[in-house]
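Participant: Could you look at this predicted model? Sequence included:
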Protein chains: 4
Amino acid sequence: MDNKGKLSKREGEIKIRVRFSETDKMGFAWHGNYFSWFEMGRTELLREAGLAYRDLEESGTMFAVVSAECSYKHPAKYDDILTLKTCVIRITPIRIEHEYRLYRDSLLIAVGKTVLASINLEGKVHPIPDSIVALFQ
Amino acid sequence: MDNKGKLSKREGEIKIRVRFSETDKMGFAWHGNYFSWFEMGRTELLREAGLAYRDLEESGTMFAVVSAECSYKHPAKYDDILTLKTCVIRITPIRIEHEYRLYRDSLLIAVGKTVLASINLEGKVHPIPDSIVALFQ
Amino acid sequence: MDNKGKLSKREGEIKIRVRFSETDKMGFAWHGNYFSWFEMGRTELLREAGLAYRDLEESGTMFAVVSAECSYKHPAKYDDILTLKTCVIRITPIRIEHEYRLYRDSLLIAVGKTVLASINLEGKVHPIPDSIVALFQ
Amino acid sequence: MDNKGKLSKREGEIKIRVRFSETDKMGFAWHGNYFSWFEMGRTELLREAGLAYRDLEESGTMFAVVSAECSYKHPAKYDDILTLKTCVIRITPIRIEHEYRLYRDSLLIAVGKTVLASINLEGKVHPIPDSIVALFQ
């Protein structure tokens, strides 16, 4: 695999019910909470592919967030049921990029992206295990 | 020290500015966030006594929350400056109880209490180090 | 109804998957997050009874948390699937008390309780609508 | 003012003590929490300029987050004292862009950016009040 990584097509989908505790005084879901939803999307995408992130951690591979971004198009309200679509858009020997699209019904309300780096228990960058690379190519 | 523990008089005081992210759609600070403020009160009380909880953890002693409660008398609003008074009300060989009083100016807006158990890195209950017991008696 | 309120038997059950963002550096779910789960339990209990809290708010009735407590018996870990059982244990003309039991499989890991007061849009205490009282008696 | 907005030089600085509740099981501050710190930076920058966001809201102007991003260079640990430098990098008739640089001592650990849109109480985009535009030009 070249260093630019390769495009991946795998996509997962989860439902999220907006919690009361996730709202702020503007009456909508607080913008920082979207990143916890994206994290859920990653966890479930990996699980659907046959791996539990919890097991991965126990085997010595962790993923540190290198960058995160979100574009907010419409607010999410308390008790809304949202659909989050998560996909891996790129994977290199040490990094993995996810894209997120969040919907209320068919309305796209937010788009996000994260870059994760593979690290070991000492916090040093180390190659993503082949078993994971294989899943997302 | 007998098992019922002893009363302690040590008290600490911190200021808290209510964050926007801590509010909920009712327009006030979300009730679960008070427990993060209480935790800050504990950290600073210990620091004033000459110990950093971070160092304590590194030396192998951690405190797990066994119970937590809060009584909410008046709401806290975004951008309010609150005063939190934290004191140790009881200490036994393995447990430490704190009480919290939260004020906006002179108005008491909440009262809380927590019980913590001393555990080691394996999560097993172990005696609170004498150096800490001595601080709070 | 007398002021002591009456016992209620209605109980709801939800599943909760512990999020990565809900953990703290001890490696377990942070204790304050349990109160967001209890809030979810209340929302779903009400929904099962045929009412959405969101609609209730829009009709001018809100519930403010007067007190909240939790006893932690065993830690909850990232990615655990927990079962939360929520029931109304008492209802008076202006207050409603819930009890929560949180399980991992058959192991009871936490027990909580909250007292809520019925307030109107101005934040003043006002009677719980009869339609709600009827649901939980 | 042209629609591209103008560069602004105003900068504010706050100190942040990383809370225990802000950490996650990797042992560092959870990445989504940085956005609550950025929000604090905005609040204090505005206050230093002579305005309270709370008052602004009460006068009918709110700012909705349109996009948010953060690049994480080094982790932040529990109990770290961080320095957050916040500045307005661009202001248009309806949007305001902030940049954030987060330091531990002299080490730059994260860089963020947000775009906010000025909205009224109905959630509709409306011009940023001249008094605010003047502050940041």
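Facilitator: Good, I have the coordinates.
Participant: Need the three-state assignment for A:Val111.
Facilitator: Taken by DSSP: H, G, I helix; E, B strand; the rest coil, the conformation at A:Val111 corresponds to strand.
Participant: Please apply the same query to A:Leu102.
Facilitator: Secondary structure state of A:Leu102, per three-state DSSP, is strand.
Participant: Roughly how far does the residue sitting furthest away from the middle of chain A sit from A:Asn33?
Facilitator: Note on chain A: the largest C-alpha distance from the chain mean falls to A:Lys25, namely 26.3 Å (C-alpha atoms, centre = their mean). A:Lys25 is 14 Å from A:Asn33, where distance means C-beta to C-beta, to the nearest Å. From N, CA and C alone the C-beta is placed, and that goes for glycine too.
Participant: And A:Phe20, by the same measure?
Facilitator: 12 Å.
Participant: that older thread, what residues does the residue farthest from the centre of chain A make contact with?
Facilitator: Each residue near A:Lys25 by C-beta atoms under 8 Å, 6 or more residues apart in numbering or on different chains is listed here: B:Phe20, B:Thr23, B:Asp24, B:Lys25, B:Met26, B:Gly27, B:Phe28, B:Tyr78.
Participant: burial of the second one, as a residue count?
Facilitator: The local packing of B:Thr23 (other C-beta atoms under 10 Å in any protein chain shown) involves 23 other residues.
Participant: Name the nearest residue to A:Phe35, sequence neighbours excluded.
Facilitator: D:Gly32 (3.7 Å; C-beta to C-beta, 6 or more residues apart in numbering or on different chains).
Participant: mind listing what the one you found touches?
Facilitator: Here D:Gly32 is in contact with A:Gly32, A:Asn33, A:Tyr34, A:Phe35, A:Ser36, A:Ala68, C:Ser21 (C-beta under 8 Å, 6+ apart).
Participant: Filter those residues down to just the ones in helices.
Facilitator: A:Tyr34, A:Phe35, A:Ser36 (DSSP state H).
Participant: List only buried entries from those residues.
Facilitator: Neighbour-count burial (16 or more other C-beta atoms under 10 Å in any protein chain shown) is assigned, among the ones in helices among the contacts of D:Gly32, to A:Tyr34, A:Phe35, A:Ser36.
Participant: What's the separation between the second one and D:Glu69?
Facilitator: Look at A:Phe35 and D:Glu69: by C-beta to C-beta, they are 11 Å apart.
Participant: list residues touching both of these two?
Facilitator: What both A:Phe35 and D:Glu69 touch, as defined by C-beta under 8 Å, 6+ apart, is the set A:Ala68, A:Cys70.
Participant: what about A:Thr114, how many residues close to it?
Facilitator: So A:Thr114, with other C-beta under 10 Å, has 23 neighbours.
Participant: ok, now A:Asp80?
Facilitator: With other C-beta under 10 Å as criterion, A:Asp80 counts 16.
Participant: Look up the closest residue to it, ignoring the ones flanking it.
Facilitator: A:Val18 (4.7 Å).
Participant: my read: the one you found touches A:Leu82, true?
Facilitator: Yes: between A:Val18 and A:Leu82 a contact is recorded at 6.7 Å, counting by C-beta atoms under 8 Å.
Participant: Now A:Ser71: which helix or strand?
Facilitator: According to DSSP states H and E, A:Ser71 maps onto strand A:62-72.
Participant: packing partners for that strand?
Facilitator: Using 3 or more C-beta pairs under 8 Å, 6 or more residues apart in numbering or on different chains; DSSP states H and E, the elements in contact with strand A:62-72 are helix A:34-48, strand A:95-104, strand A:107-119, strand D:62-72.
Participant: coming back round to it: which residues are in contact with each of A:Val18 and A:Leu82?
Facilitator: A:Ala76.
Participant: Now for A:Met26: which residues touch it?
Facilitator: So A:Met26 contacts A:Pro75, B:Lys25, D:Met62, D:Ala64 (C-beta under 8 Å, 6+ apart).
Participant: Name the nearest of these relative to chain C.
Facilitator: B:Lys25 (8.2 Å; C-beta to the nearest C-beta).
Participant: Give me the nearest residue to that closest one, chain neighbours excluded.
Facilitator: Nearest one to B:Lys25, counting by C-beta to C-beta, 6+ apart, is A:Thr23 at 3.9 Å.
Participant: All set, thanks.
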